[in-house]
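**Q** Pasting the sequence and the predicted model now:
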Amino acid sequence: MAIGALDAAAAYGRAMKTAGPSVGGSGGGLAGLGDMAGGLSGAVSGAGGNFGTMVESMVTDASSSLRTAEAESAKQVAGKGDLIDVVTAIGAAESALDTVVAVRDRVVSAYSDIMRMQI
């Protein structure tokens, strides 16, 4: 599964909506790729730790949604759960995991680009 720049930008935009006030002054919502880069640099340099906090909250949210999906699946297996709840929980967990993976891939790509730069 290949994740393109637009997928990463969309994931970053969704993450910024859930992380609280907009970083970099883009006014919330999905910004363009230029605004994404400005928000990322503002989060890393100007605000002190907002990017790390955002990543931590994304991982925590993904973990909790995976646990919820697992609990709903266990209830269904025991005959006490509803199939729609299981499908909804698994969909939410998949979406959260895809977002974390997209942001991770974009950060790794940016790191690789920086390491290839000549000084």
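**A** Now that the structure is in, tell me what you want to look at. Residues are numbered from 1 along each chain as shown.
**Q** Could you list the low-pLDDT ranges of the protein?
**A** 1-12, 15-48 (pLDDT under 70).
**Q** what ranges do the helices span in the protein?
**A** 5-18, 33-41, 50-77, 83-116 (DSSP state H).
**Q** Any chance of the ones you listed in CSV with mean neighbour count as columns?
**A** Where C-beta positions appear, they are placed from N, C-alpha and C, glycine not excepted. Compiled in CSV, the helices of the chain are given as follows (neighbours: other Cβ atoms under 10 Å):
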stretch, mean neighbour count
helix 5-18, 18
helix 33-41, 16
helix 50-77, 16
helix 83-116, 15
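**Q** For residue 119, give its distance to residue 108.
**A** 21 Å (Cβ to Cβ, to the nearest Å).
**Q** what's the answer for residue 100, then?
**A** Separation of residue 100 from residue 108 (Cβ to Cβ) stands at 12 Å.
**Q** again with residue 14
**A** Noted for residue 14: a distance of 19 Å to residue 108, by Cβ to Cβ.
**Q** Over to residue 54?
**A** 16 Å.
**Q** same check, this time on residue 81
**A** As judged by Cβ to Cβ, residue 81 and residue 108 stand 37 Å apart.
**Q** Please apply the same query to residue 61.
**A** In terms of Cβ to Cβ, residue 61 sits 20 Å off from residue 108.
**Q** doesn't residue 69 make contact with residue 92?
**A** Yes - the criterion here is Cβ atoms under 8 Å, and residue 92 meets it with residue 69 at 7.2 Å.
**Q** residue contacts, the residue nearest to residue 81 when sequence neighbours are not counted?
**A** In space, and not counting its chain neighbours, residue 81 is closest to residue 75: 3.1 Å by Cβ to Cβ, 6 or more residues apart in numbering. Contact analysis of residue 75 by Cβ atoms under 8 Å, 6 or more residues apart in numbering lists 81, 85-86.
**Q** Then residue 63?
**A** Not one residue lies near residue 63 by Cβ under 8 Å, 6+ apart.
**Q** Kindly report the same for the one 5 residues further on.
**A** Applying Cβ under 8 Å, 6+ apart to residue 68 gives the contacts 89, 92-93.
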